[in-house]
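*Asks:* next one to model:
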Amino acid sequence: MRSGLAGLAGAFAVTLVHESVRRFYPNAPRMDILGMRAISKGMRYAGQTPPEPDRLHTWSLVGDIVSNGLYYSLTGAGKKAWWRGSILGAVAGVGGVVLPGPMGLGVAPSARTKQTQALTIGYYLLAGVVAGGVAQWLRKVKV
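*Replies:* As a prediction, the model looks like this:
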C-alpha cells in the first residue's frame, strides 16, 4: 500500500506540473498530446474511432496518472526510496524525450527545444523525488 500511495503522489506531481506550466509557457512539454496521440493510434489500430479532443485529453490524463502511478510505485520497493525515485524519475524523463519519435508519436511535444527537453526530464525527476519522499515518510509513520 505504501508503494502505491508513493507512486500516486509522484504521478499526481508530474501531471500537476505539466498541466500547470503548459498553460502559460509556450515551450513547456506537452505530454498530454503524446498521450492523446498514443491513445488515438492504438484505437485506430484496433479499428475504433478515437473520441473528440476534450474527452481524449481526459483519457490521456487518466492514463498518465495510472501508468505513472504504477511506475513510480517502484520507489517504495526496498530501502533508499529517495535514491530509487530519483533514478526512476531521471530515466522516465530521458525516455519522455527520446522514445516518442521512434514510437511514431512525434518529437515536438517533449523535445522541440532544449528547454522543452530539460523541462521534460526535470518534471519526471521531480515526480521521482516526490514519490521517494512520500515512500520514505510513509515508512516512518508505519502506514
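*Asks:* what packs against the helix ranked longest in the chain?
*Replies:* Counting residues, the longest helix in the chain under DSSP state H turns out to be helix 114-140. With contacts defined as 3 or more CB pairs under 8 Å, 6 or more residues apart in numbering; DSSP states H and E, the packing partners of helix 114-140 are helix 2-21, helix 53-72, helix 81-98, helix 108-111. Placement of C-beta: from N, CA and C, glycine included.
*Asks:* count the neighbours of A111 for me.
*Replies:* Residues near A111, counting by other CB atoms under 10 Å, number 18.
*Asks:* wouldn't it be in contact with P100 here?
*Replies:* Yes - shown here, A111 and P100 form a contact pair, counting by CB atoms under 8 Å, at 7.4 Å.
*Asks:* what sits closest to the residue sitting nearest the centre point of the chain if chain neighbours are left out?
*Replies:* The centroid of the chain falls nearest to N68 when counting by CA atoms, centre = their mean (5.1 Å). The spatially closest residue to N68, leaving aside those adjacent along the chain, is A11, at 3.7 Å (CB to CB, 6 or more residues apart in numbering).
*Asks:* repeat for G128
*Replies:* Going by CB to CB, 6+ apart, G128 has G89 as its nearest residue, at 2.2 Å.
*Asks:* that neighbour and V141, how far apart?
*Replies:* 23 Å (CB to CB, to the nearest Å).
*Asks:* with P109 instead?
*Replies:* When CB to CB is applied, the distance between P109 and V141 equals 38 Å.
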